[in-house]
Structure formats: structure tokens, C-alpha cells
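[1] just need the structure, nothing else, for what follows:
(chains A and B)
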Amino acid sequence: MSVRVRFAPSPTGYLHVGGLRTALYNYLFAKKHGGTFILRIEDTDRTRLVQGALENLVSTLTWSGLPFDEGPGVGGPHGPYIQSERTELYQRLGKELLDNGHAYKCFCTSERLDDMRNYQQRMGQPPRYDKFCEHLSAAEIKEKEDAGLPYVVRMKVPERTIRFHDEIRGLIEIEPSNIDDQVLLKSDGFPTYHLANVIDDHDMEITHVIRGEEWLPSTPKHILLYEYFGWTPPKFAHLPLLLNSDRSKLSKRQGDVAVEDYKAKGYEREALINFVAFLGWNPGSEKEIYSLQELGQEFDLDRVGKSGAIFNVEKLNWFNQQHLKVKPAADILEQIRPVISEHGITASDEFIIKVIELMRDRVNFLPEFVTFALYFYQDPKEYDMEAISKKWNPETLSSLSALNENLKNLENFTHEQIENQLKLTAEMLGVKAGGMVQPLRIAISGVSAGPALYMMMEILGIETCLRRLEKAVNSIKL
RNA sequence: GGCCUGUUCGACUAGGGGUUUAGGUCAUCGCCCUUUCACGGCGGUAACACGGGUUCGAAUCCCGUACAGGCUACCA
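    Down below sits the predicted model:
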């Protein structure tokens, strides 16, 4: 049987990086085994609907490079893939459970439930439904229904230990006393996660449920439902959580958690994916930089760890730098076009590509190809005075002035010739060549940090360099 | 509180009875390269939570404790 896995988020409005990792592991598992990756939307909580959440989720997943084979928009043989469009199925199967005695109607009000839980807590007991409605007689049920009282459907939990095998954690055993008579169908007619999840995973022929560790404690309920329906359960793999630096569950309060935040900051999708893949998994080799495709060849569940991993932005930055290093300049150019136009820059693609190659090793984020390199596109408006005060000496200006004259005579404005000319000028003036380098850099770019000076000048061209040099000589004063 | 899960350098992790003076990467520190900033190279600091067992031998197996996280909704 071929592998079928799913990513089943609830549409909260954005894709959480933890969700991204869950989606990624499902995707990679599917790729590894030549299987199918499905997106299913779990929107059964009608009180928490968010406008545009689905579109946002799909576009973020697409940006991340994780296309799904079946799901909203693309369709597939087991649709619809949005749970709110499948309520009839859940209701029909819920009724089946009612009919064969695996579930019962519960008319308890939320007030009674609250009181019950408060009492249980005060008495030091675990909060659990007291099965008040389990043994209602047929007459009582009819009476309440006739009176139009709202009800929920709860599952009956038997008195036996539930065991299941987790692909990552091994054998898990849960005593029945720790399993609540879970609500399956809410009074608004919509299913809870537990019911919808089991029905859909079966209906969509999911073979491996790969999800976050937070679902581990409720898995016995799901196992029970598979039994009640007479279905074979899929395999389960519960992933360790992603954590904040204080080891709590990764949350919004302690930094960015939305994939779109990282996208907005200029992170490469390849880097984010590579980094997130390594949070809880590793290939067992010493190779660290992987493309999505390579990950799909290497990934497997047996190398997924058990303990939570802290989301460390510094390492993500390193991955970003590494991916930037190997990215084709033409791709980088395409990606930075918006930043280019934002800065009102008009330059030829050929010129920008030269800048990209020169800036490559000193850039950590894509927009920096523009923001750290503005002097390639516009003459400096001001000069780094702090650097000037450190590097300037009384003869600096006259040296630069002499250099300016000598550069005019160059046959070819290449980095070799520029360097050569600077040395000759220094020799002629009887000053140290080294002393001229930084002042020249500041005169040309305005700042003291940047790429190889002579290469930078070559790219800029003779006209621009002479203009800037002249302006610097005339305007910089100690 | 109860249940479940986890615990190797600051972080991500390798290692799953002798191959280990516990390896790699990020971060950090030092040196080299470089008359800038980076990149790169070399090196350093730095970890098996604790206590019992099993064994000739335990980071590795078992038990307990501690700590951490998750779950405990008509949320997912």
C-alpha cells in the first residue's frame, strides 16, 4: 500500500513554524516513500474562524516549497478537504456510534460541567466527565429532546488499557481511568477534532499520522474510535515540540513564530526549510546544507528525535548565509527586484549581477544585497566622519588628489591597473600605499566597510570613480 | 493535582554496553589570511541531570528521584 500522509492545520490566520516543520516532515516522508501529501483544513471550531486564513496558509505553504498533491483548490479523490464541508459524514457516522452503543447523548449544560470540574478540582480529583448522561433511559432522552434541549454526543470509554505503538516513542499505554468520555459531536452539530480527524484519516486512506507531541495523550481516544468503526488505524508518529529559549512551547510572545515573519525579514525558504528540518531530525552524517530535494531522499522517521528542540535564530542565520552563498546570482537578482525598485535604483541586470557576486560573502540577508551596497548605485551623500578622523592625516587629501589625476591616464580601468596606479602614486609621493587605501575607499563609497576596493572601483567605472574622488577631495575637511 | 513524554557542551545534535582522552555544526574565545568589513583556515573553552542497580565493563540496559514540557474544553 502506498504511503499517504497529511498536514491538517486549523486555519488560525498564519502558518506557525512548528506547523511548517510538521508539514515538512509529512512532505518529506511522502517524497521518501513515493507517497501522497495531502492538505486538510480542520476548521470545525466555528467560534474561531479567521478571514482569509485558508488562502494565507496555502500561499505560505507554496512559498515554502511544499506543494500538496490533494487538498483545497487542487482537489483529489477524497474531497472535500475542508472539514466544515464534510459535516454530513461526521453526523452520519456519529449516529452510527450512537446506534451501536459506543456513544451517548449528553444534555449537561456548560454550567453543570463547570461546577462539576470545579468541585473535582477542589477535592483533588482529576477533572473528568462524570458520565451523568450515560445511563439516561430512553424515555428521559425522548423527554429532553422533545423539550428541545441541546445535546452533545460523547464517546463511551471502556474499562481496559489502551496500547498503541508510536513510530518515534515505542509502546504507549494508557489506563482507561485517564481517558475522558470525549465529546464527539458538539451541540452545533459540528464534530470535535477527535471524531473528524479519525473519520477523515480513514476516509482519505491516511497510512501515517505524523503530528505534534501535543496529540499523544489523546491518541487512545482515536484508537478507540477506529475500533468502534471497525477500521484499521494508521501508524502514529508524534513529533517533539519546538521550544522557546526558555524551553516552553514555541509561542508568539517570545519572538516570531509565523513563517511569513521570516519571509518578511528576508530569510530564504531553502534556509528556513533546511534549518527546521534539522530541529528534531538529522541525517546521521556530517553534511548540514541540504536542498529540499536532498532532504526528501534522506528523511526518515527513525532518525527523528524524542526531545523538544529550541528554535535558535542564530543558527537559522547561518543556514541563511550558507544558502545565499550557493544561490545563482540570477535567482538572487529576481528575488531582490522589489527591494531594488523600492530604493528607486535603475541599473542594468548585468551591473547588479556583478554587485551580487562581489557582495556575496558579506551579506546575511537578501535585501542586504541592496541596502549594504547602495554606494554602487548612488554617490555618497555623506562620509563616515569617525573613520575619516581615524585614517586621515595631513597629506591624505593631496595624495587622493594626485591619485585622481593619475587614474585619468589609465588605459584600462581594471582592478589590477587601479591597484598598480595607487602604488605608483604612493611611491611618487613618498607615502605609504596602505595609508591611502582606506581614505580612497571612504572617498568612493562613503563608508569604511565593503568589498574588495579595486574590484568595487572597476565595477563602478572610471567616470563614477573620478567624479566621486573629486567630490571627496573638495568636500572632506578635517 | 493526575496522566503522558522527555533529559549528551550555552544551542542543534552524533554516539544506543568495550572502537570515546564523548564526535560534528552554530554561538563564543584566540591565532592566521586580509592595510576595510566579511569569507576562509587553524586551534581553544565547553556536555552524558542525580542516585541506586545489572555487568568484568554503562553516556549506552533496569529502577527510583529531580527537573522540564505536553495534555487534562461542546480548541485544535
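[2] burial count for the nearest residue to A:S10 once chain neighbours are set aside?
    Nearest residue to A:S10, sequence neighbours excluded (C-beta to C-beta, 6 or more residues apart in numbering): A:E42, at 4.6 Å. (C-beta placed from N, C-alpha, C; glycine too.) For A:E42, the neighbour count with other C-beta atoms under 10 Å is 17.
[3] and the residue of the stretch 301-450 of chain A nearest RNA strand B?
    Proximity of the stretch 301-450 of chain A to RNA strand B (C-beta to the nearest atom of the strand) peaks at A:G434, 1.3 Å away.
[4] need the next SSE after the helix or strand hosting that residue, C-terminal direction.
    Element membership for A:G434, per DSSP states H and E: helix A:433-445. For helix A:433-445, the following helix or strand on the C-terminal side (DSSP H and E) is helix A:453-460.
[5] so is that following helix next to RNA strand B?
    Yes. Shown here: helix A:453-460 in contact with RNA strand B (C-beta under 7 Å from any atom of the strand) through A:L453.
[6] which other helices and strands contact that helix?
    Helices and strands touching helix A:453-460, by 3 or more C-beta pairs under 8 Å, 6 or more residues apart in numbering; DSSP states H and E, are helix A:349-359, helix A:415-429, helix A:433-445.
[7] buried residues of it, list them for me.
    For helix A:453-460, burial by neighbour count (16 or more other C-beta atoms under 10 Å) applies to A:L453, A:Y454, A:M455, A:M456, A:M457, A:E458, A:I459, A:L460.
[8] send me that helix as CSV with only the CA atoms.
    C-alpha atoms of helix A:453-460 as CSV (Å, rounded to 0.1, in the frame of the first residue of the first chain):
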residue,chain,number,x,y,z
LEU,A,453,38.2,48.1,-3.1
TYR,A,454,39.7,47.8,-6.6
MET,A,455,37.0,45.4,-7.8
MET,A,456,34.4,47.8,-6.5
MET,A,457,36.0,50.6,-8.5
GLU,A,458,36.3,48.5,-11.6
ILE,A,459,32.6,47.8,-11.5
LEU,A,460,31.8,51.4,-10.7
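[9] ok, and what's touching that helix?
    The contact list for helix A:453-460 (C-beta atoms under 8 Å, 6 or more residues apart in numbering) reads A:351, A:354-355, A:358, A:376, A:413-416, A:418-419, A:437, A:440-441, A:444-445, A:450, A:465, A:468.
[10] for A:A309, which residues are in contact?
    By C-beta under 8 Å, 6+ apart, the contact set of A:A309 is A:P240, A:L241, A:L242, A:L243, A:L279, A:G280.
[11] how many residues are close by the second one?
    When you say that, I think you mean A:L241. For A:L241, the count of nearby residues is 19 (other C-beta under 10 Å).
[12] surely it is in contact with A:G18?
    Yes. Under the criterion of C-beta atoms under 8 Å, A:L241 makes contact with A:G18 at 7.0 Å.
[13] need the residues touching each of these two.
    A:G212, A:L250.
[14] among the contacts of helix A:453-460, which are in reach of RNA strand B?
    Among those, the residues lying close to RNA strand B (C-beta under 7 Å from any atom of the strand) are A:V437, A:R441, A:G450.
[15] quick check: phi and psi on the last one?
    I take that to be A:G450. The phi/psi pair for A:G450 (degrees, to the nearest 10) reads phi 170, psi -170.
[16] tell me how many other residues crowd it.
    Counted with other C-beta under 10 Å, residues neighbouring A:G450 total 19.
[17] coming back round to it: for RNA strand B, state which of the buried residues of helix A:453-460 is nearest.
    Among those, A:L453 lies closest to RNA strand B (C-beta to the nearest atom of the strand), at 6.1 Å.
[18] below-threshold pLDDT in chain A: ranges please.
    Counting by pLDDT under 70, chain A contains low-confidence ranges at A:478.
[19] thinking again about what came up before, got the CA positions of the helix holding A:G434 in PDB?
    The C-alpha atoms that make up helix A:433-445 are tabulated as PDB, following Å, rounded to 0.1, in the frame of the first residue of the first chain:
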ATOM      1  CA  ALA A 433      50.300  52.900  -0.100                       C
ATOM      2  CA  GLY A 434      48.500  51.300   2.800                       C
ATOM      3  CA  GLY A 435      47.700  54.700   4.200                       C
ATOM      4  CA  MET A 436      45.800  55.700   1.000                       C
ATOM      5  CA  VAL A 437      43.600  52.600   0.800                       C
ATOM      6  CA  GLN A 438      41.100  53.400   3.400                       C
ATOM      7  CA  PRO A 439      40.700  57.100   2.500                       C
ATOM      8  CA  LEU A 440      40.200  56.100  -1.100                       C
ATOM      9  CA  ARG A 441      37.500  53.600   0.000                       C
ATOM     10  CA  ILE A 442      35.700  56.300   2.000                       C
ATOM     11  CA  ALA A 443      36.000  58.800  -0.800                       C
ATOM     12  CA  ILE A 444      34.500  56.300  -3.200                       C
ATOM     13  CA  SER A 445      31.800  54.600  -1.000                       C
END
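[20] who's in contact with the nearest residue to A:G75 once chain neighbours are set aside?
    In space, and not counting its chain neighbours, A:G75 is closest to A:Y81: 7.9 Å by C-beta to C-beta, 6+ apart. For A:Y81, the contacting residues are A:I38, A:L39, A:R40, A:I41, A:E70, A:G71, A:P72, A:G75, by C-beta under 8 Å, 6+ apart.
[21] OK, contacts around the fourth one?
    The contact partners of A:I41, by C-beta under 8 Å, 6+ apart, come to A:A8, A:P9, A:S10, A:P11, A:L54, A:L57, A:G71, A:P72, A:Y81, A:I82, A:Q83, A:S84.
[22] can you rerun that using 10 Å?
    A:7-11, A:53-54, A:57-58, A:71-72, A:80-85 (C-beta atoms under 10 Å, 6 or more residues apart in numbering).
[23] okay, and the beta partners of it?
    Going by DSSP bridges, A:I41 is paired in beta bridges with A:I82.
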